[in-house]
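Asks: Fold the following and give me the result.
(chains A and B)
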Amino acid sequence: MTAIAPRSRNVIGAAVAPLRSSTALSIGLGLIALHLVLAVIAPVIAGHDPVATDSSNVLAGPEWTHWLGTDQYGRDILSRTLNGGRYALLVTFLATTIAVAVGTVLGCVTAYADNWFDEVVMRIVDALLSVPSILALLVVVTVFDAGLWVIVLAVTVVYAPAVTRVVRGAARTVITQDYVTAARARGERSMSIVFREILPNVLDVVLVEYAMRASWIVLLVASLSFLGFGANPPTPDWGLMVQENRTALTVVPLGTLAPIVALATLVVGLNLAADGLSKSLGVDRATKGVSA
Amino acid sequence: MSVVQVDRLAISYAAGKRSVPVVRGVSFAIEAGRTLGLVGESGSGKSTVARTLLAHLRTGSTIERGTVHVDGEDVFALSPSGRRALRGGTASVVAQNAGQALTPSMRVGEQIREALRAHGEPDGPERVLELVRLVRLPAPETIVRRYPHQLSGGQQQRVAIAMAVAARPRVLVLDEPTTALDVVTQAAVLDLIADLGRELGMAVLLVSHDLGVVSAMADEIAVMRDGEVVEHAATAALFAAPQHEYTRALLAAVPDGRRPGGSDHVPEDATVPGTVTSRSTGTAPPEPLVRPVVTADDLVIRYGRGLPAAVDGVSFTITPRETLAVVGESGSGKSTLATALAGLVPAESGTFSFDDGTVSGDLREPIAGRSPELRRAVQLVFQNADTSLNPRRTVGAAIARPLKLFTGSSSRERVGELLTQVGLGPEFADRLPAQLSGGQRQRVGIARALAAEPRLVIADEITTALDVQVQAGILALLADLQRSRGLSCLFISHDLAVVRGVADRVAVMTGGRIVEIGPTERVFGGPNHPYTTTLLAATLEPGSTELPDVGDGVPRWRHADGWTDRGDGHLTRNWEDA
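Replies: Numbers count the residues shown, from 1 in each chain, chains lettered A, B, ... in the order given. So this is what the prediction gives:
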C-alpha cells in the first residue's frame, strides 16, 4: 500500500489541486479576486471623490487628470467605476450567501423528510419559482423602498427556491447511500443525519451553485439599479452609471463602456469559476436535477 | 495464425503528469473455437486487456508497446471505418451489466435488428427471430416486442449476447458476463455461451474474477496480477498444479463448497493474526434447549399497501453464538429480512422478538420505537463498503460516532483499539474512506458495528463486492470476532460456498418464504427441497470443468402445506410437482 501523507498536507493539496488542473477556474477566481481587491481599496486609489461634481469640466474625454474622462456632472468616470462595484458586490455577497444557505438547509431537510413537510415546502417553492424574478423584485422595492436589506432579502426570496430544488436533487441521491441507512439504523436524530451525513456530501454542488447564483445576482442587482430601483443617485454604481450616461453615449462612450466592462468581467469571472468548479468537483448539473 | 494474437502489450494511464503502467507486457493467443479465461483481482488490468481486442482504450490510456492482432489485422493500425467494422463485426463484447448495455426506450427486437443493420447483415424479422431462438429466449415472437425493463436479468443478458453474435464475429469478449446474475441464471447463461462458442467457432476471451466460472468455461486460463500474466496454463493443469505462488494463494482463498469449514485454509497472507487457526463449525447442531436471541414466527413484511409481501410467513430462531445463514436468489426476500431485523422496515404481522437475558424487545418496531439498548444490541454490516462509509468523514469519526452514541464517550484509544481488533491499526483513524482498499473499508464497517458492542450482527452480503482473497480475510475476521465476543450473526449471502464455511445453520429462501432450514451439513448433504437442489447444482466449483445442467431455470414444483422434519432440526417445506 502507498504511504499516506499526513492529513494537513492532503487538505492543502486537495484545495490547490483543482486550480492546477483547471485553467477556467484559475482565471475565474483571478477575476473575482481582482474585483474584490479593487472594491476594497477603491477609496484609496481612486484619486477623485466619486460624487464630487465639477461643472467646469463636464463630458470630457480621456485626459491626464481624468483617465477615462468625466460624465455630465463632471464626476471622474474611473473613480466612479472603481467605487461602483462596492455596492453590487456587497449586495451580491449577502444575497447569495443567505439564499444559498437557506436553500441548502431547506433542500437537505425536505429531501430527508420526504413527507407532508417536503410536499408543502416544495409546492411553495414551485409557486415562488413561477414568479418572474425581476418583476417580484420591482414589486418588493416599490412597496418597501430600496434599502440595502430590502434588496438582499428580496433577492434571497427569489433565488432560495431555485437553490432548494437543486440541492434537494443532489441530497436525494446521497440519501440512498448506505452510510445514511447506517446512521438511521443507529437511531440518530433526523437533524443529526441531515447535518452530519447529508450536508457534507452535497457541499460540492452547493459551491458550484454559489458561484452560479452569484453571477446571476450581480446582473440582477445591476438591472435594478439601471431601472432606478437599486442604488440611489449619486451613489457610484455600475447599473446606475450605464443608465445615467447612456444618453451621452456618442459624446463620452467610456462613461457607459467602463461600468459595462467592469460588470462583464465580474460575471465572466463568476461563470468561469462555476464552470471550473463543477468540472473539477465532478458536479454535472444535468445529472443532479433541475435546470432552474 | 491464431484468431487473436496479443504480443508484449503494455498500456499506461496518464494520471496528472505521471504515467501509471496498467498493463506491462502481456502476450497470449486464442485459436478459433477455444476459450481463454483471464482472471485476477480488480485493478489487475484484465478488463483493459480485454477491451484492446476491440481497439478500445479508456481516455488517457496509451499503448506503450506491443501489438494486438485480431483476425490477422493490427487493430490499433486500423482506420476509423476499419475500427467500426471490427467492433461488433469481427469482434464483439458482452458487458457485465446487460440492464445498462441495452437501450431502455427501444424494443429488444429493434435493438437486435440495429446490430444486424450496422454490419450490413440481412435484418428481416426472420433473421431477428432466428437470433432470439439461437440464444434460447422463450416465446420469440412476443419477446422481440418487449422493452428491456420487462425482461429478467438473465433474459437481458441473452439479448445482449444475441446482439453480440448477430454479425457472426470471429472473436467474442465477455467481461464478467454473469457477475450480476444469481447462480441458477448464471449456469444457464454460461451454458448458452459455451454452446454458441462451439457452434459459431468463435475465439472467446472470458474475463472474470470468479474462478468457478472460468474453470467451467475456459480451455486455458491466464492469471493476471498488477498488469502481468503470472501464470498461463490449461485449465485442468492450472487447478491441479498451480505453479506461481499468487495462483496458489488465489486458489487457497476460494471458499470450498464441498468441504465443511471454510476458514481452515485461509491463505497465510490474510492479515488478521490468529485467524489461520482452524474453526470447526457447522457440524454440531446448536443446543436446542438454549433460549434463542431472536425469535421470528410467521413474520410478514410488506413494503406498501397492496404490494405482495416481500417476506411471507417466515419462522426461524437464532441462538446465542450461532450463525444463521440465509441464502436465496435476488428478490427472495433475504435482504428484506435483514433490514427488518435492523429496524429499517416495520413488520406487518407475526412475532419477531429479541431476548438475550439482559436486553429484550419487540423487533417489529421500526428503529424509532426501539429502546436504546435494543438498538445497540443489533448492528448491521453492509454489502457495499464503498457506500456505507461517509466519504467526507475520517475512519476515526465513523467509528467514534456509534461509540459516543451508545457508550456515551469515545476516545482515540478506544477507536484505535477497535481498529486493531479488525486487523487495521490506530494509524488508520485519520484516513478518509477513499484512501482505503475495498477490504479495508469493509473492516472499518465491521469495526463500526462492533463499536456498539452488539449481541447480534447482521452481515448482509458483506463479501459480495470483494475479491476472493480479501473475502477470505474478512470471513476469517468475522468468525474470529464472533467467537471471542460470543456474538450471534445473521449472515445473508447468495454464495453457497461462502455460507458453508461460516454458518451453523442455513435457511434457504425463495419468493419470500423459507423452503428449507437446518444445520449446515444437513442442508448441504440432503435430501433437499427441489429449490435447494437446483441452487446446489448450479454452484460452480473452481477446478471442475463441467458446466452444471440446470435446464431452463424454470421451477418444476409449487408450495404445498406443511413441513417435513428430516431430523436434527432439518426441516423442508412440502411441495408438489407442477
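
Asks: in the stretch 51-200 of chain B, what residue is nearest chain A?
Replies: B:Gly60 (12.9 Å; CB to the nearest CB). C-beta coordinates here come from the backbone N, C-alpha and C atoms, glycine included.

Asks: Report the secondary structure state of the closest residue in space to that residue that isn't next to it in sequence.
Replies: Distances taken as CB to CB, 6 or more residues apart in numbering or on different chains put B:Ala14 closest to B:Gly60, at 4.8 Å, once the chain neighbours are dropped. Taken by DSSP: H, G, I helix; E, B strand; the rest coil, the conformation at B:Ala14 corresponds to strand.

Asks: so who does B:Ala14 touch?
Replies: For B:Ala14, the contact set (CB atoms under 8 Å, 6 or more residues apart in numbering or on different chains) comprises B:Val20, B:Gly60, B:Ser61, B:Thr62.

Asks: How about the lowest-mean-pLDDT helix or strand in chain B and chain A, touching?
Replies: Lowest on mean pLDDT, DSSP states H and E among the helices and strands of chain B sits helix B:98-101, with a mean of 77. No: Helix B:98-101 lies out of reach of chain A by CB under 8 Å from any CB of the partner chain, never closer than 14.9 Å.

Asks: Now that helix: buried residues?
Replies: Buried residues in helix B:98-101, defined by neighbour count with 16 or more other CB atoms under 10 Å in any protein chain shown: B:Ala98, B:Gly99, B:Ala101.

Asks: Return the member of those residues nearest to A:Val205.
Replies: Checking the buried residues of helix B:98-101 against A:Val205 with CB to CB, the nearest one is B:Gly99 at 27.0 Å.

Asks: I'd like to know which of the contacts of B:Ala14 are buried.
Replies: Listed as buried from those are B:Ser61; burial here means 16+ other CB under 10 Å.

Asks: Next one: the residue nearest to B:Gly60 relative to B:Val26, how far apart?
Replies: 19 Å (CB to CB, to the nearest Å).

Asks: Equivalent analysis for B:Gly562, please.
Replies: Taken as CB to CB, the span from B:Gly562 to B:Val26 is 58 Å.

Asks: before we move on, what about A:Ser278?
Replies: 38 Å.

Asks: re earlier: wait, the residue of the stretch 51-200 of chain B closest to chain A touches B:Ile11, no?
Replies: No: contact criterion CB atoms under 8 Å: B:Gly60 and B:Ile11 do not qualify, at 10.6 Å.

Asks: Contact partners for B:Ser27?
Replies: Counting by CB under 8 Å, 6+ apart, B:Ser27 has contacts B:Val6, B:Asp7, B:Arg8, B:Leu9, B:Gly66, B:Val229.

Asks: what do you get for B:Pro433?
Replies: Counting by CB under 8 Å, 6+ apart, B:Pro433 touches B:Ala385, B:Asp386, B:Leu389, B:Asn390, B:Pro391, B:Arg393, B:Val395, B:Ala398, B:Arg441, B:Val444.

Asks: Tell me the confidence at it?
Replies: B:Pro433 is assigned 85 on the pLDDT scale.

Asks: Can you tell me the SS state at B:Val229?
Replies: Under three-state DSSP, B:Val229 comes out as strand.

Asks: Can you verify my assumption that it contacts B:Ile221?
Replies: No: in this structure B:Val229 lies outside contact range of B:Ile221 using CB under 8 Å: 10.1 Å.

Asks: who has more neighbours, those two?
Replies: With neighbours defined as other CB atoms under 10 Å in any protein chain shown, B:Val229 and B:Ile221 compare such that B:Ile221 has more, 26 against 23.

Asks: tell me the contacts of the residue nearest to that one when sequence neighbours are not counted?
Replies: Leaving aside its sequence neighbours, B:Ile221 sits nearest to B:Gly37 (CB to CB, 6+ apart; 4.5 Å). Shown in contact with B:Gly37 (CB under 8 Å, 6+ apart): B:Leu206, B:Val207, B:Ser208, B:Val213, B:Val214, B:Ser215, B:Met217, B:Ala218, B:Glu220, B:Ile221, B:Ala222, B:Thr235.

Asks: can we see that at 10 Å?
Replies: Residues in contact with B:Gly37 (CB atoms under 10 Å, 6 or more residues apart in numbering or on different chains) are B:46, B:174, B:204-208, B:210-211, B:213-223, B:235, B:238.

Asks: just to revisit the earlier point, now the least confident helix or strand of chain B, how far from the chain's geometric center?
Replies: Distance of helix B:98-101 from its chain centroid, counting by CA atoms, centre = their mean, to the nearest Å, is 17 Å.

Asks: In a helix, B:Gly313, correct?
Replies: No: counting by three-state DSSP, B:Gly313 falls outside a helix, being strand.

Asks: The spatially closest residue to it that is not a sequence neighbour sits in which helix or strand?
Replies: Nearest-residue entry for B:Gly313: B:Asp298, 5.2 Å, with adjacent residues in sequence omitted and distances by CB to CB, 6+ apart. Using DSSP states H and E, B:Asp298 maps to strand B:294-301.

Asks: likewise B:Pro391?
Replies: B:Pro391 belongs to no helix or strand, assigned by DSSP H and E.

Asks: and the stretch 51-200 of chain A, which of its residues are near chain B?
Replies: Applying CB under 10 Å from any CB of the partner chain, we find that the stretch 51-200 of chain A lies next to chain B at A:174, A:176-190, A:192, A:196-200.

Asks: where along the stretch 101-250 of chain A do the helices fall?
Replies: Secondary structure of the stretch 101-250 of chain A, counting by DSSP state H, counting those that start in this stretch: helices at A:116-129, A:133-144, A:148-175, A:178-186, A:190-192, A:199-226, A:238-245.

Asks: The shortest one - what's its average pLDDT?
Replies: Confidence for helix A:190-192, expressed as mean pLDDT, is 88.

Asks: residues in contact with that helix?
Replies: With CB under 10 Å, 6+ apart as the test, helix A:190-192 has contacts from A:Val109, A:Tyr112, A:Ala113, A:Ala183, A:Arg184, A:Arg186, B:Ala368, B:Arg401, B:Leu405.

Asks: what's the distance between the most centrally placed residue in chain B and B:His494?
Replies: In chain B, the centroid-proximal residue (CA atoms, centre = their mean) is B:Thr464; its distance is 4.3 Å. According to CB to CB, B:Thr464 stands 8 Å off from B:His494.

Asks: Thanks a lot, see you next time.
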